[in-house]
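> when you get a sec, could you give me coordinates for this:
(2 chains)
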Number of protein chains: 2
Amino acid sequence: MLHKIINLTVRDVRFPTSLEQHGSDAMHTDPDYSAAYVLLHTDCGLTGFGLTFTLGKGTEIVVCAVEALAPLVIGKTLEEIVSDFRGFYRLLTSDGQMRWLGPEKGVIQLATAAVLNAVWDLWARAEGKPLWKLLADMDPKQIVSCIDFRYITDVLTEEEALDLLLKAQEGKQQREDQMLREGYPAYTTSCAWLGYPDQQLKQLCTDALKTGWSRFKVKVGADLEDDIRRCRLIREMIGPNNTLMIDANQRWDVADAISWVRSLAEFKPLWIEEPTSPDDILGHAAISKALAPLGIGVATGEQCHNRVMFKQFLQASALQFVQIDSCRLGSVNENLAVLLMAHKFKVPVCPHAGGVGLCELVQHLILFDYICVSADLSNRMCEYVDHLHEHFTCPVVIRDAHYIPPKAAGYSCEMLEASVQRHRYPDGDVWKSLHMKK
Amino acid sequence: MLHKIINLTVRDVRFPTSLEQHGSDAMHTDPDYSAAYVLLHTDCGLTGFGLTFTLGKGTEIVVCAVEALAPLVIGKTLEEIVSDFRGFYRLLTSDGQMRWLGPEKGVIQLATAAVLNAVWDLWARAEGKPLWKLLADMDPKQIVSCIDFRYITDVLTEEEALDLLLKAQEGKQQREDQMLREGYPAYTTSCAWLGYPDQQLKQLCTDALKTGWSRFKVKVGADLEDDIRRCRLIREMIGPNNTLMIDANQRWDVADAISWVRSLAEFKPLWIEEPTSPDDILGHAAISKALAPLGIGVATGEQCHNRVMFKQFLQASALQFVQIDSCRLGSVNENLAVLLMAHKFKVPVCPHAGGVGLCELVQHLILFDYICVSADLSNRMCEYVDHLHEHFTCPVVIRDAHYIPPKAAGYSCEMLEASVQRHRYPDGDVWKSLHMKK
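Numbers count the residues shown, from 1 in each chain, chains lettered A, B, ... in the order given. This is a model prediction of the structure:
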């Protein structure tokens, strides 16, 4: 079967998370977790599901961008695409007229991710495997054939990438078995959103400790006194041996970042996440250098838009933790490039997740990273946020603070049709009733 | 009068330039020069006109993004906006939900530029001055109040910016008089688009020399033998004392860029423009370092999306010529930040222009730069491309290869209504008849 893609549909799906301050941080005070949700329909009846994550307003712009990319996809067969996936990636990202809108950044890259996530989902479904297993079983040559090495050959060539993958073949089966048995370690961000009152934070922390969580992230950056109080509270709750991370969501300039984090150093955070502009490689490098003597690393990546940026963050020693994102980068293809570069630089990958669908998607990438690339779990963990999983047909499974590898074929981001209908913006029931209340 | 903005309209205007290979380069082989064209309607009858430049497909996405920004503008008065222009800039670029789509990059930043260009046009019209004159007459304190210094204070603080502007007050009137008399030096890109045959190139070059042009840019990067032939041809035509620049439009990886440009060094180009990915600061730094002994500089910026990127290009000595763009950066506000940073680093600014409307817009910025910031013309010139000016109510005036300062009030990007109607996509007459031919 050729799996010819005969149509693409895209929907604007939004969840009114801002009503309860879920997801609130220093820069995004009222997010409504949302998605541009893509369906690829084939002539054989199989459907590919993909999405990119957004924060509410503006999702319609990404939907518009997906529609602009649709003619490049419709009419192609899955076999045609995956037999030259690098070429197809470049077709989408390097269209002579549309690349002006990026290139490979912002809205057009988010749309590219949504479309390609659906292609990967379709491929995994066609093979009857969960995506992580499709990747783990793939010949290293085919893996590198999916990567566009343009602009990164000064750091990683195709030959080097192949070599890294071949070297990591050793022990692959044991690592896969281990993952199926134990799962991949996770940390939680659900306890300490910026908008949560202390009492709620304490309760959530107590509950999380009981269910086996040992790694906790706190949002900081709006008010230093508040941050000190909240960090002290959490550190007291979790004790000295559990792990604390702090996340400023780009709130500071370089000098502010250094002095603010110094004031929080006594709480021994493993990392400061997004201390400044996501574009500021040299700024992150300066912050990394200043904080290294305190034993605090810099983590960033959820708004790092392509492999060229990650390449430089690694070259400049500007981060100590690489936070890949399943919807910001150009889907699996570009994430593969980043995983391999991070491995070359020996920097651990700790994916960004949360939002809506990000946990479902990124678990596949980090499982592949452990099984086929890094073969290492030290200082590695995948973000987990306990929101909106109930809207997916195959929601993530967490056991003892570990992601348990999904078994269903695909990339795990198919939503329940009833959820999609209710949350369609602006005409789903949820939004109609919210607008009536106003 | 308060000039309350009561409505915003935005149009998708496209010119079928690809039919004759105008604007063709190594990465953009068939551009249809286009614009998202914004009109701000006020209660007093005055209209502000703004645009951002695009290459055809995808303009509808930018239009959609402008519509998403419109609620942040409608209902405000001009006085309210300009009395806290920094705050208004941040309102548009840092909306808690929409900033996820950038931040400050790609489609959403192009849309921000279109909207803010219209605000600046409105302001200049309200003051009855061309934009460059509005800026030149402005108190330095008010100028810095338009700039968002977030993320650049490690290189330029508000106090330093003010200091730079105050120092440059000396001789301001003489420079303004000089500009009105002589105009600002320009170079031409019209002679050597990649898709032009040699004969056409020769003819255009001959004509240009006759009308006083002495600085010429050639597109390169698709085929080395072609490039050598074309560069030799142009260098022979213009002689050893005129200036040649070459432009690869991001075609190469770092190592390729260095070796390719070495092969063209004999033709003594002043700069190589966009040798690699516009995001690759460290790559540009490596290329700059390798080419410095040959006396060839690196120029980039037309796809540099914000002040944070330009800051790093300057910090890393990654460019020797700053090419600001009037529609890629966040309008005048962000361009002011870049002009001041470039001045601090003593790097000349040579604006990107061409497309549709870019010459009309950017001439104002470079006039301001000379009169109020750099006070220097050495190694400085503004790009000029001889296309589509006939569609504007106040087209640029070039005399002896110099931009003559515009006299009409505003920011010079109002289009003739008849042109807009004919080129509206997809329902203007030009597009209807092209679609009928297919």
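
> what sits closest to residue A:62 if chain neighbours are left out?
Nearest residue to residue A:62 in three dimensions, chain neighbours excluded: residue A:36, at 4.1 Å (C-beta to C-beta, 6 or more residues apart in numbering or on different chains). For the C-beta atoms, the positions are set from N, CA and C on the backbone; glycine is no exception.

> the one you found - that's part of a strand, no?
Yes - counting by DSSP: H, G, I helix; E, B strand; the rest coil, residue A:36 is part of a strand.

> from the middle of its chain, how far away would the host helix or strand of residue A:118 be?
Following DSSP states H and E, one finds residue A:118 within helix A:106-127. Average the C-alpha atoms of helix A:106-127, do the same for its chain, and the two points are 14 Å apart (C-alpha atoms, centre = their mean, to the nearest Å).

> alpha carbons of whatever helix or strand comes next after that helix, as PDB, please.
Remark: after helix A:106-127, the chain's next helix or strand is helix A:131-136, criterion DSSP H and E. The C-alpha trace of helix A:131-136 is given here as PDB (Å, rounded to 0.1, in the frame of the first residue of the first chain):
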ATOM      1  CA  LEU A 131       7.000   6.000  17.100                       C
ATOM      2  CA  TRP A 132       9.900   5.400  19.500                       C
ATOM      3  CA  LYS A 133       9.900   1.800  18.400                       C
ATOM      4  CA  LEU A 134       9.800   2.700  14.700                       C
ATOM      5  CA  LEU A 135      12.900   4.900  15.300                       C
ATOM      6  CA  ALA A 136      14.600   2.300  17.600                       C
END
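
> state the mean pLDDT of helix A:131-136.
Helix A:131-136 shows an average pLDDT of 98 in the prediction.

> now the helix or strand following that helix: how far from the chain's centre is it?
Remark: after helix A:131-136, the chain's next helix or strand is helix A:140-145, criterion DSSP H and E. Taking C-alpha atoms, centre = their mean, one finds the center of helix A:140-145 at 22 Å from the center of the full chain.

> let me see the mean pLDDT of helix A:140-145.
For helix A:140-145, the mean confidence score works out to 98.

> close to chain B, is stretch A:261-273?
No - Stretch A:261-273 stays out of contact with chain B when judged by C-beta under 8 Å from any C-beta of the partner chain, the minimum separation being 15.2 Å.

> what does that stretch contact?
With contacts defined as C-beta atoms under 8 Å, 6 or more residues apart in numbering or on different chains, stretch A:261-273 is touched by A:217, A:220, A:224, A:227-228, A:231-232, A:234-235, A:240, A:243-249, A:257, A:275, A:287, A:291, A:294-300, A:320-321, A:323, A:379.

> strands of chain A, start to end?
For chain A, applying DSSP state E gives strands covering A:5-14, A:34-42, A:47-54, A:184-192, A:215-219, A:243-247, A:271-273, A:297-300, A:321-322, A:382-384, A:397-399, A:402-404.

> quick check: beta-bridge partners of the residue nearest to residue A:62?
Taking DSSP bridges, one obtains residue A:12, residue A:52 as the residues bridged to residue A:36.

> so it sits against residue A:59, correct?
Yes - in this structure, residue A:36 is within contact of residue A:59 by C-beta atoms under 8 Å, at 5.8 Å.

> mutual contacts of those two, please.
By C-beta under 8 Å, 6+ apart, residue A:36 and residue A:59 have these common neighbours: A:12, A:13.

> got TSV for the strands of chain A, with mean pLDDT too?
Written out in TSV, the entries for those read as follows (pLDDT from 0 to 100):
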stretch	mean pLDDT
strand A:5-14	98
strand A:34-42	98
strand A:47-54	98
strand A:184-192	92
strand A:215-219	95
strand A:243-247	97
strand A:271-273	98
strand A:297-300	98
strand A:321-322	98
strand A:382-384	98
strand A:397-399	97
strand A:402-404	98
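
> now render the ones you listed as a markdown table, adding mean neighbour count.
Output for those, formatted as a markdown table (neighbours: other C-beta atoms under 10 Å in any protein chain shown):
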| stretch | mean neighbour count |
| --- | --- |
| strand A:5-14 | 20 |
| strand A:34-42 | 25 |
| strand A:47-54 | 28 |
| strand A:184-192 | 23 |
| strand A:215-219 | 24 |
| strand A:243-247 | 23 |
| strand A:271-273 | 28 |
| strand A:297-300 | 26 |
| strand A:321-322 | 24 |
| strand A:382-384 | 26 |
| strand A:397-399 | 15 |
| strand A:402-404 | 20 |
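
> rewinding a little: need the CA coordinates for the helix holding residue A:118. PDB is fine.
Output in PDB follows, covering the C-alpha atoms of helix A:106-127 (Å, rounded to 0.1, in the frame of the first residue of the first chain):
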ATOM      1  CA  GLY A 106       8.200  31.300  14.400                       C
ATOM      2  CA  VAL A 107       4.700  30.500  13.000                       C
ATOM      3  CA  ILE A 108       5.900  28.800   9.800                       C
ATOM      4  CA  GLN A 109       8.200  26.400  11.800                       C
ATOM      5  CA  LEU A 110       5.400  25.600  14.300                       C
ATOM      6  CA  ALA A 111       3.200  24.800  11.300                       C
ATOM      7  CA  THR A 112       5.900  22.700   9.800                       C
ATOM      8  CA  ALA A 113       6.200  20.700  13.000                       C
ATOM      9  CA  ALA A 114       2.400  20.100  13.100                       C
ATOM     10  CA  VAL A 115       2.400  18.800   9.600                       C
ATOM     11  CA  LEU A 116       5.500  16.600  10.000                       C
ATOM     12  CA  ASN A 117       4.400  15.300  13.300                       C
ATOM     13  CA  ALA A 118       1.300  14.000  11.500                       C
ATOM     14  CA  VAL A 119       3.500  12.400   8.800                       C
ATOM     15  CA  TRP A 120       5.600  10.600  11.400                       C
ATOM     16  CA  ASP A 121       2.400   9.500  13.200                       C
ATOM     17  CA  LEU A 122       1.100   8.100   9.900                       C
ATOM     18  CA  TRP A 123       4.400   6.300   9.200                       C
ATOM     19  CA  ALA A 124       4.400   4.700  12.700                       C
ATOM     20  CA  ARG A 125       0.800   3.700  12.300                       C
ATOM     21  CA  ALA A 126       1.500   2.200   8.800                       C
ATOM     22  CA  GLU A 127       4.300   0.200  10.400                       C
END
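
> and that helix, average pLDDT?
Helix A:106-127 carries an average pLDDT of 98.

> now do residue A:342, the pLDDT please.
The per-residue pLDDT of residue A:342 was computed as 98.

> and what of residue A:1?
For residue A:1, the pLDDT comes out at 68.

> all helices of the stretch 151-300 of chain A, in order?
Taking DSSP state H, counting those that start in this stretch to define them, one finds helices in the stretch 151-300 of chain A at A:158-167, A:172-182, A:198-210, A:224-238, A:254-264, A:281-291.

> most packed of the ones you listed?
Using mean count of other C-beta atoms under 10 Å in any protein chain shown, the stretch among the helices of the stretch 151-300 of chain A with the largest mean neighbour count is helix A:281-291, at a mean of 22.
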